[in-house]
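>>> build me a model:
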Amino acid sequence: MRVHRLVWLLGSIACAAPAATPAQVRPGIEVLLSDSVHLVQGKRLGLLSNHTGIDRQGRRDADVLLANGQRLTALFSPEHGFRGTEERPALPDALASATGPPIYSLYGGSRAAARAFPEPLFADIAFCGYASEASYGAASYLILRPDGNVLVDSPRFAAILVERIAALGGVRTMVLTHQDDVADHAKFHARFGCERVIHRADMRGDTRACERIIDGDTELAPDLRLIHVPGHTRGSIALLHGDVLFTGDHLWATNDQTGLEAGRDVCWYSWSEQRASIARLAGYSFTHVLPGHGRRFTAPNADSMRAAVLRAAA
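As a prediction, this is how the structure comes out:
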């Protein structure tokens, strides 16, 4: 009897409850252009999409971006093509229209998009792409040098990337900024015979086999200086090359890219030491910050960068 009364009571409450207001779902393209357009303004954009990528008016995401004045330079199509109508096992590349951006198929075609990495950033620095899940999606970079290339942290050991790196001269030195972003370091060492460098405090598992273990600030070459920056991890290091500082997970740009910041919630060793380590960086001259996670940052000059560093350390 009690069970029947309980069921009747719950049913009465459900019937009496006012109808919920339907949620207003905003398509991602509208969220981007209304809330976060500053993140893409003036940049070269690539879009991975198909026929389901539309706004509330049914306009394709690509058309919306172009109408908004964004620099959409490449489209990438998934399994059934950009328009969702293809059933072929190997899709060729194409054009969105006679004057539109190229469409690179991720399921066949010329593999031009896959061969775009390492992507040049500066005269002698390229972004590797091919982030590895083992490094939590961290970015890695290739420094092209006459005395031997340097790989900063480990990308995924993807055959097409390895082939491209080999064509650029291979890898002589591999700098592992900290224990989290080592990914496929052993495979790169086996392929290129590179010397792997890591701080002693961050040696874990197979990184104990690294060829060069450092205990503090170290000059690898006149243009390659390692700076011990404990905080995120005890053995975190940054690499200074010319006017570029590779920071690992130590420091990155704010979301609006007007300054620098670090994350207390992802500090695994000591937040007080991390702030002190950031402040120390003000003693070095550089204008670019290339992080493992987070956004890149460029200052107009070394003084502006120094001010940004000190603000981040405060």
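
>>> who are the contact partners of residue 47?
Taking C-beta atoms under 8 Å, 6 or more residues apart in numbering, we find residue 47 in contact with 53, 61-62, 65, 72, 74-76. C-beta coordinates here come from the backbone N, C-alpha and C atoms, glycine included.

>>> no no, residue 219
Applying C-beta under 8 Å, 6+ apart, one finds that residue 219 lies in contact with 225-226.

>>> element containing it?
strand 218-221 (DSSP states H and E).

>>> export that strand as CSV, just CAs?
Extracted C-alpha coordinates of strand 218-221, given in CSV (Å, rounded to 0.1, in the frame of the first residue of the first chain):
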residue,chain,number,x,y,z
THR,A,218,73.5,24.1,-18.4
GLU,A,219,74.9,25.5,-21.7
LEU,A,220,74.6,22.9,-24.4
ALA,A,221,76.0,25.3,-27.0
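
>>> helices - which of the contacts of residue 47 land there?
Counting by DSSP state H, those place 61-62, 65 in helices.

>>> adding distance to residue 199, write the contacts of residue 47 out as TSV.
Shown next, in TSV, are the contacts of residue 47 (distance: C-beta to C-beta, whole Å):
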residue	distance to residue 199
53	44
61	44
62	45
65	43
72	42
74	38
75	42
76	38
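
>>> below-threshold pLDDT in the stretch 1-150 of the chain: ranges please.
1-24, 79-82, 84-100, 106-113 (pLDDT under 70).

>>> what are the boundaries of the strands in it?
Using DSSP state E, counting those that start in this stretch, the strands of the stretch 1-150 of the chain run over 44-48, 71-77, 94-95, 102-105, 119-122, 125-127, 141-143, 150-152.

>>> and for the stretch 151-300 of the chain?
In the stretch 151-300 of the chain, the strands defined using DSSP E, counting those that start in this stretch lie at 173-175, 195-199, 212-214, 218-221, 224-228, 237-241, 244-248, 252-253, 260-261, 288-291, 297-298.

>>> tell me which of these sits most buried.
Mean neighbours per residue, mean count of other C-beta atoms under 10 Å, is largest over the strands of the stretch 151-300 of the chain for strand 244-248, with a mean of 27.

>>> the inter-axis angle of that strand versus strand 224-228?
40 degrees (axes from the mean of the first three to the mean of the last three C-alpha atoms, to 10 degrees).

>>> middle-most residue in the protein, spatially?
What sits nearest the mean C-alpha location of the chain, by C-alpha atoms, centre = their mean, is residue 139, with 4.6 Å.

>>> hang on, that one packs against residue 290?
Yes - using C-beta atoms under 8 Å, residue 139 is in contact with residue 290, at 7.4 Å.

>>> helices along the protein, start to end?
Under DSSP H, the chain gives helices at 2-16, 28-35, 61-67, 159-167, 185-192, 271-280, 302-313.

>>> mind putting these in TSV, mean neighbour count included?
Formatted as TSV, these follow (neighbours: other C-beta atoms under 10 Å):
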stretch	mean neighbour count
helix 2-16	9
helix 28-35	14
helix 61-67	18
helix 159-167	15
helix 185-192	18
helix 271-280	17
helix 302-313	17
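
>>> could you dump those to TSV with distance to residue 129?
What follows is these, written out as TSV (distance: least, C-beta to C-beta, whole Å):
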stretch	distance to residue 129
helix 2-16	52
helix 28-35	22
helix 61-67	22
helix 159-167	7
helix 185-192	15
helix 271-280	27
helix 302-313	26
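
>>> coming back round to it: which of the strands of the stretch 1-150 of the chain sits closest to residue 214?
Nearest of the strands of the stretch 1-150 of the chain to residue 214, taken as C-beta to C-beta: strand 150-152 at 14.6 Å.

>>> buried residues in that closest one, which are they?
150-152 (16 or more other C-beta atoms under 10 Å).

>>> need the contact list for the spatially closest residue to the residue nearest to the centre of the chain that is not a sequence neighbour.
Closest residue in space to residue 139, ignoring its immediate chain neighbours: residue 292 at 5.5 Å, by C-beta to C-beta, 6 or more residues apart in numbering. When contacts are counted by C-beta under 8 Å, 6+ apart, residue 292 touches 135, 138-140, 153, 177, 180-181, 247-249.

>>> what of residue 145?
By C-beta under 8 Å, 6+ apart, the contact set of residue 145 is 124, 172, 223.

>>> residue 40 too?
The contact partners of residue 40, by C-beta under 8 Å, 6+ apart, come to 32, 70.

>>> quick check: it vs residue 33, distance?
For residue 40, the distance to residue 33 equals 9 Å [C-beta to C-beta, to the nearest Å].
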